[in-house]
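**Student:** all I have is the shape, not the residue letters:
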C-alpha cells in the first residue's frame, strides 16, 4: 500500500483518508480500497477510531464497484452506518445478474433480488432470487403502487416524497368507535414505523375499532379531525415509503422491506394466510376503503396517518405516526 496512506492511518486523519477514498474511487482502484478498509479495521486494535472510514469504503464499494466487490460487502457489520442497507445500495446501481453469482447467503440474495424487482426486473425464472426468504413475487404486480426509490450518492441519499393525494380532507365529528382486540394487526401497523420510534424521536399509535375509518382515526386524535379518501395505490405507497424509511434519524430498512410490509399488512387486514396469493392480495387491497387524516394543523417532519375500513364486516384500523428532526422539535 502507498506509504502516504499508511501514514494517514497512523495519524488517524479522517479528513485526509476520506479524500483518499474519493481518489481511489475515481481511479477505480478497488483492490486498494479493500486493503485500506481492512487496515482501518485492524487499526481499531491499536485504539485508532477509523471504523467510519471502513464503513464509508464498504458503502462506496457497494455503490460504485463492479459486482464481485459490491457483493462482497453486503453482509458487512459496518453496513448499519450506511445511508441505507447495502443490499439496497448495491441494487440501486447493479443489475441482479451482476451481483447474484457473487452472493453466497440466501438473505442478502433475496433482498437484492427484491430491490431489483422494485426497479423493474422480472426474476421469476431465476432461482438465485431465493423467493423462500421473503415469500414475495419475483415480478411487480399490476396492482402495486409506484414505489418511491432512493438515489444514493457518494455522501448522501435522495428519497422522493410520496404522491400528493388527489382527494381533499374534510372535517368530521370526533366519535371514537369501541376498541377491538386485534394485537397482531396493531403490531403490524406499528412495525411500519419501528425505526421512527425505536431509533429516532418519533411516536406512534395504532388502533382497531368497531365502526368506520373516522371512528378509528377519532380514537387517535385529541383535537379536531379531518379525513379524506385515498386510492389503494396511494395508501400502499405511503405504507411502503414509511416502512422503508428510517424516519428523521433511524436506520433506513430499504425498499425490499417496504414491499414486504405492504404485502404482510394487507394480508392481515384481509385475514388472508401468509404467504397470500398476490392476486388475492390485490383484490383485498382494492376492496378495503383507505383514508388519510389529520388533526387540522400543519404537519411537520415524517408523518403517517392512515385509516382503513372493512365496510362489509364493520370494523376499521388506523395509525398515527410522526417523527421530527431535532431542530424542528426544539423550535
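**Tutor:** Arrived safely, thanks for sending. Remember, predicted model here, so these are calculated numbers, not experimental data.
**Student:** what are the ranges of the strands in the protein?
**Tutor:** Counting by DSSP state E, residue ranges of the strands within the chain are 151-152, 157-158, 170-172, 203-210, 225-230, 289-294, 302-310, 315-323.
**Student:** tilt between the fifth one and strand 302-310?
**Tutor:** Taking axes from the mean of the first three to the mean of the last three Cα atoms, to 10 degrees, one finds strand 225-230 and strand 302-310 inclined to each other by 70 degrees.
**Student:** swap in the fourth one?
**Tutor:** Compare the direction of strand 203-210 with that of strand 302-310 by the same axes, to 10 degrees and you get 10 degrees.
**Student:** in strand 203-210, what counts as buried?
**Tutor:** 204, 206, 207, 208, 209 (16 or more other Cβ atoms under 10 Å). The C-beta positions use only the backbone N, C-alpha and C, and glycine is treated the same way.
**Student:** now it: average pLDDT?
**Tutor:** Per-residue pLDDT values across strand 203-210 average out to 98.
**Student:** going forward, begin numbering at 6 instead of 1
**Tutor:** New numbering, starting at 6: the last item is strand 208-215.
**Student:** tell me what that strand is packed against?
**Tutor:** helix 188-196, helix 199-203, helix 218-223, strand 320-328 (3 or more Cβ pairs under 8 Å, 6 or more residues apart in numbering; DSSP states H and E).
**Student:** give me whichever of the strands of the chain is most buried.
**Tutor:** The highest mean neighbour count among those belongs to strand 320-328 (a mean of 25), with neighbours defined as mean count of other Cβ atoms under 10 Å.
**Student:** elements contacting that strand?
**Tutor:** helix 188-196, helix 199-203, strand 208-215, helix 218-223, strand 307-315.
**Student:** looking at these, which is closest to residue 64?
**Tutor:** With distances scored as Cβ to Cβ, the stretch of the helices and strands packed on strand 320-328 nearest to residue 64 is helix 199-203 (18.3 Å).
**Student:** buried set for stretch 11-30?
**Tutor:** The neighbour-count criterion (16+ other Cβ under 10 Å) identifies 13, 14, 17, 22, 23, 25, 26, 29, 30 as the buried residues of stretch 11-30.
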